[in-house]
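J.: missing the sequence, but the structure's below:
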């Protein structure tokens, strides 16, 4: 009988290498969006609306928090990422005649996990001498024995949020946030993926996981 195993093994190896060299990675975000009820109380009496409702063609401008105004270069970079995501769902930036304001917030937290995936409380004040291959490991609120490697694994927790407000009534008309936890530290590539995920199904609210592929 012909030997099929080597051929099958080669085919599997080729498929594995092709997947590994695809140049793409998947950013999976957990998204939670809300659309307040139409009859939600407003802070002022709104005039009759004559412009485009929230959706394709709606015009917006950004609203910055005082803390964001302290770092204008970073704020502009985040707004540029957000512009791309908003324009992809049909919104138009118009700083002169906007119907809506958009407030965007982002955050990136770096933390460490041990070989069992347990999060350390803060930055670990450990050293290779006290954190060996097999022995006692000591840290804030943590002591035990087991196999451990040095240095500990770095992880990144990302979060973005978007708040859309009707400028006439000052009523929030759309709120969404997305979070991601993973090994990627290049926030200038990961954050745009989260912003895109946060607007999944826009202007309808989406709740649940969203997967976005980006280059490695």
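T.: Noted; the coordinates are in hand. Everything quoted here is computed from the prediction, not taken from an experiment.

J.: any stretches of this protein with poor pLDDT?
T.: By pLDDT under 70, the low-scoring segments of the chain are 1-22, 39-52, 120-151.

J.: how does it divide up, domain by domain?
T.: For the chain, automatic domain parsing gives the domain ranges 25-37+53-108+156-215, 115-147.

J.: please identify the most buried of the ones you listed.
T.: When these are scored by mean count of other Cβ atoms under 10 Å, the highest mean neighbour count falls to domain 25-37+53-108+156-215 (a mean of 17). For the C-beta atoms, the positions are set from N, CA and C on the backbone; glycine is no exception.

J.: how far does it stretch from start to finish?
T.: 6 Å (Cα to Cα, to the nearest Å).

J.: sec struct for residue 74, please.
T.: helix (DSSP: H, G, I helix; E, B strand; the rest coil).

J.: spit out the contact partners of it.
T.: By Cβ atoms under 8 Å, 6 or more residues apart in numbering, the contact list for residue 74 reads residue 68.

J.: repeat that for 10 Å
T.: Applying Cβ atoms under 10 Å, 6 or more residues apart in numbering, we find residue 74 in contact with 68, 106.

J.: how far away is it from residue 158?
T.: Taking Cβ to Cβ, to the nearest Å as the measure, residue 74 falls 15 Å from residue 158.

J.: with residue 58 instead?
T.: With Cβ to Cβ as the criterion, residue 58 and residue 158 are 27 Å apart.

J.: equivalent analysis for residue 85, please.
T.: Taking Cβ to Cβ, one finds residue 85 at 14 Å from residue 158.

J.: show me the strands in this structure, by range?
T.: Secondary structure of the chain (DSSP state E): strands at 24-34, 59-62, 92-93, 100-113, 134-139, 142-147, 153-166, 172-182, 207-215.

J.: can you list contacts of the third one?
T.: With contacts defined as Cβ under 10 Å, 6+ apart, strand 92-93 is touched by 52, 56-62, 79, 82-83, 86-87, 98-99, 102.
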